[in-house]
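**Q** okay, here's the prediction I keep looking at, along with the sequence it came from:
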Amino acid sequence: MEKEEERAVRARQEKARQMLFEVEASNQMSKTMKAQQRQREKDEDIAIMKYNQSRQLAEYERQEEEKRIKEEKEREVQKLREMQEKAADRQAEIDALRAKRAFEAQERQARNIEKLNM
């Protein structure tokens, strides 16, 4: 009977060790799966972060390009205004000179008429 009891005890111990081994294996597998899940989530977070950064960079570059184009147009408009002002100033000088010459011509004509009337 003792041998039977010893065998039964050994069998129970072996069964307990086997169950412990299975539990440890199951726990290890669960840990591995959780670690893999965390890594997938981390990789997804990194991918999202990279996507957002690239979107922000593209938006920044677009805004900078729009700013550059706007500044270039403003320079062109300013250049055209300066040219218009210069042309207007030149035309004003020409008009003033014509008015002066016309006035001088009228004075000469008036003097000539006075000379003739005398």
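**A** The structure has been received and is ready for your questions.

**Q** the most centrally placed residue in the chain is in what secondary structure piece?
**A** Using CA atoms, centre = their mean, the residue of the chain that lies closest to the mean C-alpha position is residue 60, 1.0 Å off. Here residue 60 sits within helix 2-117, counting by DSSP states H and E.

**Q** chain center to that helix: distance?
**A** Computed by CA atoms, centre = their mean, to the nearest Å, the chain-centroid distance of helix 2-117 equals 0 Å.

**Q** give me the pLDDT value at residue 6.
**A** As predicted, residue 6 sits at a pLDDT of 88.

**Q** how far away is it from residue 12?
**A** Using CB to CB, to the nearest Å, one gets 11 Å for the distance from residue 6 to residue 12. For glycine as for every other residue, the C-beta is placed from the backbone atoms N, C-alpha and C.

**Q** same check, this time on residue 77
**A** In terms of CB to CB, residue 77 sits 96 Å off from residue 12.

**Q** swap in residue 72?
**A** From residue 72 to residue 12 the distance is 88 Å (CB to CB).

**Q** can you check residue 79 too?
**A** Residue 79 sits 99 Å away from residue 12, going by CB to CB.

**Q** again, but for residue 107
**A** Taking CB to CB, one finds residue 107 at 139 Å from residue 12.

**Q** same check, this time on residue 31
**A** Taken as CB to CB, the span from residue 31 to residue 12 is 28 Å.

**Q** contacts only, for residue 4.
**A** Contacts for residue 4 (CB atoms under 8 Å, 6 or more residues apart in numbering) come out as none.

**Q** what about it, distance to residue 11?
**A** 10 Å.

**Q** can you tell me how far residue 8 sits from residue 15?
**A** From residue 8 over to residue 15 (counting by CB to CB), the distance is 10 Å.

**Q** hmm, I was thinking of residue 75
**A** 89 Å.
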